[in-house]
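A.B. asks: build me a structure from this.
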Amino acid sequence: MRIRIEDKLVRSIKQREGVVILRSEVASLGSAAQVGRVLAKLVGDGRLVRVSIGVYAKTRRNKFTGQLTPAATFEAIAAETFRKLGIDVAPGRLAREYNAGLTSQIPMDGVVCTGKRRISRKIQVGSRTVKYEI
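C.D. replies: Residues are numbered from 1 along each chain as shown. Next comes the predicted model:
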């Protein structure tokens with residue numbers, strides 16, 4: 001009996017630490033078309049959420065609503081995505097001011113400082129999107 005690629009991929013995703021899954025991490029489980037089809041099916045089923053091109057996040061069932069939601073907060077998913085992609089970022093200006101106690105305004109936007117590096121990758125979970133500043 002042969003194991004289907006979908007079963008291999010689901011098992012691989014469940015065994016991984018963290019919430020973010022890169023397509024490159026599961027690419028060895030089948031051809032590019034097969035892996036793409038299975039990832040699209042898992043997104044359609046709600047078992048994964050697409051964060052960016054080639055980046056997905058695990059989901060879990062919300063205990064209050066019973067709906068499938070991302071398994072971590074927007075900020076945690078964005079931070080793990082940047083870490084896995086090897087991109088160094090720092091909190092945005094408003095978050096730094098809040099953390100230093102200079103203001104009591106809690107920043108609502110996901111803004112990260114990229115330094116001199118220019119990044120055009122769109123990272124989105126639901127309706128929230130990461131914004132970049134220099």
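A.B. asks: distance of residue 4 relative to residue 132?
C.D. replies: According to Cβ to Cβ, to the nearest Å, residue 4 stands 40 Å off from residue 132. Where you see a C-beta, it was placed from the backbone N, CA and C, and this is true even at glycine.
A.B. asks: grab the longest helix from the chain for me.
C.D. replies: In the chain, with assignment by DSSP state H, the single longest helix is helix 32-45.
A.B. asks: now do the helix or strand following it: which elements does it pack against?
C.D. replies: Using DSSP states H and E, the helix or strand that follows helix 32-45 in sequence is strand 48-52. Helices and strands touching strand 48-52, by 3 or more Cβ pairs under 8 Å, 6 or more residues apart in numbering; DSSP states H and E, are helix 32-45, strand 55-61, helix 74-85, strand 124-125.
A.B. asks: format those as JSON lines; extra columns: mean pLDDT.
C.D. replies: Output for the helices and strands packed on strand 48-52, formatted as JSON lines (pLDDT from 0 to 100):
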{"stretch": "helix 32-45", "mean pLDDT": "91"}
{"stretch": "strand 55-61", "mean pLDDT": "93"}
{"stretch": "helix 74-85", "mean pLDDT": "89"}
{"stretch": "strand 124-125", "mean pLDDT": "88"}
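A.B. asks: could you dump the ones you listed to CSV with distance to residue 67 and mean neighbour count?
C.D. replies: Listed next are these as CSV, based on distance: least, Cβ to Cβ, whole Å; neighbours: other Cβ atoms under 10 Å:
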stretch, distance to residue 67, mean neighbour count
helix 32-45, 13, 14
strand 55-61, 7, 19
helix 74-85, 16, 19
strand 124-125, 14, 20
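A.B. asks: which element, helix or strand, includes residue 101?
C.D. replies: Assigned by DSSP H and E, residue 101 falls outside every helix and strand.
A.B. asks: again with the one 5 residues further on
C.D. replies: No secondary structure element spans residue 106, as it lies outside all helices and strands (assigned by DSSP H and E).
A.B. asks: and for it, the neighbour number?
C.D. replies: 8 (other Cβ atoms under 10 Å).
A.B. asks: that one: what's it in contact with?
C.D. replies: residue 98 (Cβ atoms under 8 Å, 6 or more residues apart in numbering).
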